[in-house]
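> Here's a sequence, model it:
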Amino acid sequence: MRRKTILSLFLVFSLALVLAGCGKKTTHESEESGKKESQRKVYVTTPALYDFARMIGGEKVEVKNLVQGGGDLHHWEPSPDLIRKINQADLFLINGAGLEGWLDNLSASLDPSIKLVDTSQGIDLIMAEHDHDEDHDHDEDDDHDHDDDHDHDEDHDHDEDHDHGGMDPHFWTSLKAARIQAKNVYQALVDMDPANKDYFKDQWGKLEKVFQDLGDKYSKALAGKEGKTLIVPHLAFSYLCRDYGFQQVGLQGHHADGQLSAGKIRQIVDLATSQGITTIFYEGFGDDSAAQNLAMEIAGKALPLYTIESIDDKEREKGENYFTLMEKNLESIVQSFEGESGDGE
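You can find the predicted model right below:
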């Protein structure tokens, strides 16, 4: 009996503490709840869009990147749970230019009230490159079964390019194109929430300054380097190359599919030797083994180049974002020219 009485008193006391605690947290929780309710939900499909929407939207928006961590943008598809979450959003920002190949299948599941914005509007898009030289090299290989399999993969990629309108969607690798994309994000946020137009305008002004400063740094560092060739992880740098007069040769094609063939290796080695290229780039955050092996073949070096198709959560915790990786890309590109023929090193 005594035990039951003590237990009853303990439960009453515990309940009183919980209620008291709730009373103390009511204001804070109410504020947090109010803040969450006042924030507009924005879903995006790329790391660049995630950073732009967060930087411009600030405390007024809650931004979610659909493709988490190291997800592959080219082959990713949303789960039913993500589709449900998208339908609860106020704004859905896509990269466009055919990157979201799954969108046609998803459109029937989207709530008609969802505001979907293609952020490639106003960007001078480039036709997607297809690595015809690699196909030709495979035709010369003796392993016909392997060739057939790879040719099927290449044809599949080529078909995907046509399904996407044949455009290269990697325009965020260009600061100039990304700036247009970011402005599209700014306009989409204003259209979504006109009451906070002044806030978004102020945030956009700050982000524009970041673009301007880094763009000036690129222009100064890469002046006079026109005509250079970059051996890149895959064909994702057409827009950056257009900005500064470079050429790109990819270890892999447009979608980064397949293995590096013997024919491709010969092509890369011959190109590097004939042009005095001393750097093979590999995907930052990715496997560098193929680039390291090629670098040994040409007595050169392997350096990271970030396609920014994904940013791992751990890297974000270290402070990495679109702009830090674009700065690292500049450092790698500048370093790649050191020791090349004609650079006076």
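> so the residue nearest to the spatial centre of the chain, which of the three states?
For the chain, the residue nearest the mean C-alpha position is Glu309 (3.0 Å; C-alpha atoms, centre = their mean). Secondary structure state of Glu309, per DSSP: H, G, I helix; E, B strand; the rest coil, is coil.
> How much space separates it from Leu330?
Going from Glu309 to Leu330 by C-beta to C-beta, to the nearest Å gives 18 Å. Backbone N, C-alpha and C define where each C-beta goes, glycine included.
> go on, Gln203?
For Gln203, the distance to Leu330 (C-beta to C-beta) stands at 25 Å.
> So these two - more neighbours on which side?
Gln203 (20 against 17; other C-beta atoms under 10 Å).
> in the stretch 151-300 of the chain, which segments are predicted with low confidence?
In the predicted model, the stretch 151-300 of the chain carries pLDDT under 70 at residues 151-165, 254-258.
> mind listing the strands for it?
Under the criterion DSSP state E, counting those that start in this stretch, the stretch 151-300 of the chain contains strands at 229-234, 247-252, 279-283.
> what's the pLDDT at Asp118?
At Asp118, the model reports a pLDDT of 98.
> Which residues does it form beta bridges with?
Per DSSP bridges, the residues bridged to Asp118 are Ile94.
> Count the residues that sit near it.
Burial measure for Asp118: 14 neighbouring residues, criterion other C-beta under 10 Å.
> show me what contacts Glu77?
By C-beta atoms under 8 Å, 6 or more residues apart in numbering, Glu77 lies in contact with 102, 105.
> My reading is that it is in a strand; is that accurate?
No. Applying three-state DSSP, one finds Glu77 to be coil, outside a strand.
> Starting from Pro169, give me the distance back to it.
From Glu77 to Pro169 the distance is 16 Å (C-beta to C-beta).
> can you check Ala178 too?
12 Å.
> want to throw the strands of the stretch 151-300 of the chain into JSON lines with distance to Val63?
Shown next, in JSON lines, are the strands of the stretch 151-300 of the chain (distance: least, C-beta to C-beta, whole Å):
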{"stretch": "strand 229-234", "distance to Val63": "27"}
{"stretch": "strand 247-252", "distance to Val63": "30"}
{"stretch": "strand 279-283", "distance to Val63": "25"}
